[in-house]
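In: Below is the sequence, then the predicted model.
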Amino acid sequence: MDTSSSINLIVSTVYYAITGILMLFSAFAIYILIRYGRNIILTLLVSSVYILFFLSILAASHFSLNALLAL
Amino acid sequence: MTSTTLRKKLFPSQLDNETIFLVVREHWVHLLLKIIVWAFFAAALPLFSYLAHAYTPAIFDGRSGHAFSLITQIYTLFLALSLLLIWVFYYLNIQIITDIRIVDIDQVGLFSHVVSELHIDKIEDVTSETDGILGTIFNYGYVYVQTAGTIERFEFQNVPHPASIEKLILDLYEKNSNFAKDTGNNAAQRQLP
């Protein structure tokens, strides 16, 4: 990853800040769902579907970031 | 794992011999309205992509193409999180009516979980309200329970069949009053923690 230029540094910092906050909120939402949810199967099903979807989009965005910074 | 262990108690102080009469959430129409608003934001993504393809196809080349992909992917993450939160708040906000109390469980925000209980014998007044076009068509509205306790009024917001809920609460109150007259006890004196 080429972060030598200041613009690349800013872009990558903003990206990690935004995705970090999204991950924190996602983790907390899943935590309260599992903690206060009444049906364990339903909560685990929803949580796992969401985690799979979120991580796949996150991985795709990371590839996009790497491609962007490499240019 | 048995079916009983797959379901936790509905609320922490629930007794083993406590009869649950009703578990009610917000009417599905309200959830649908929120999802429709969410869908507008979600639809903006493919619409914007389509317009960009049609009018500025050069945006998808080179560095700007990668930037466009990155922005749409981050926007998708926001959409996914907002949909999860819409559903979590719908699922975790419930009201429960048992034979001895009314329990209001509110997930106010991500970091605020409030459980309020009202013993049936503390009820002073119950009012149901159906308001608006959607409320009239789909029969949902508000139920207000006036109390003699610390919390002066319990509110059931956007619940289905508010008149039925009002009747149920009043029937339970009357049943509890008759039980108290017959035995000299009331619901508050049953073995509560």
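Out: Now that the structure is in, tell me what you want to look at. Since this is a predicted model, take the numbers as computed values, not measurements.
In: I'd like to know how many residues surround B:Ala67.
Out: For B:Ala67, the number of neighbouring residues by other C-beta atoms under 10 Å in any protein chain shown comes to 17. Heads up, the C-betas are built off the backbone N, CA and C, glycines and all.
In: Contacts only, for it.
Out: Residues counted as contacts of B:Ala67 (C-beta atoms under 8 Å, 6 or more residues apart in numbering or on different chains) are A:Leu68.
In: That one sits in which helix or strand?
Out: Counting by DSSP states H and E, the element that carries B:Ala67 is helix B:62-92.
In: just how off-centre is the helix or strand that that helix is followed by within its chain?
Out: Once the chain leaves helix B:62-92, the next helix or strand it forms, by DSSP H and E, is strand B:94-98. Strand B:94-98 has its C-alpha centroid displaced from the chain centroid by 11 Å (C-alpha atoms, centre = their mean, to the nearest Å).
In: what comes into contact with strand B:94-98?
Out: The contact list for strand B:94-98 (C-beta under 8 Å, 6+ apart) reads B:10-11, B:14, B:18-25, B:102-105, B:156, B:159, B:165, B:168-169, B:172.
In: Which of the residues you listed are buried? Put it as a PyMOL command.
Out: This is the PyMOL syntax for the buried subset of the contacts of strand B:94-98, where burial follows 16 or more other C-beta atoms under 10 Å in any protein chain shown:
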select buried, chain B and resi 11+18+22+24+25+102+103+104+105+156+159+165+168+169+172
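In: Low-confidence ranges, the chain, go.
Out: Assuming you mean chain A. For chain A, the stretches flagged by pLDDT under 70 are A:1-4.
In: Sorry, I should have been clearer: chain B.
Out: Within chain B, the ranges that satisfy pLDDT under 70 run B:1-8, B:149, B:151, B:179-193.
In: Show me the domain layout of it.
Out: B:3-26+B:96-182, B:32-89 (automatic domain parsing).
In: coming back round to it: narrow the contacts of strand B:94-98 to those in helices?
Out: Judged by DSSP state H, those include B:Ile165, B:Leu168, B:Ile169, B:Leu172 as members of helices.
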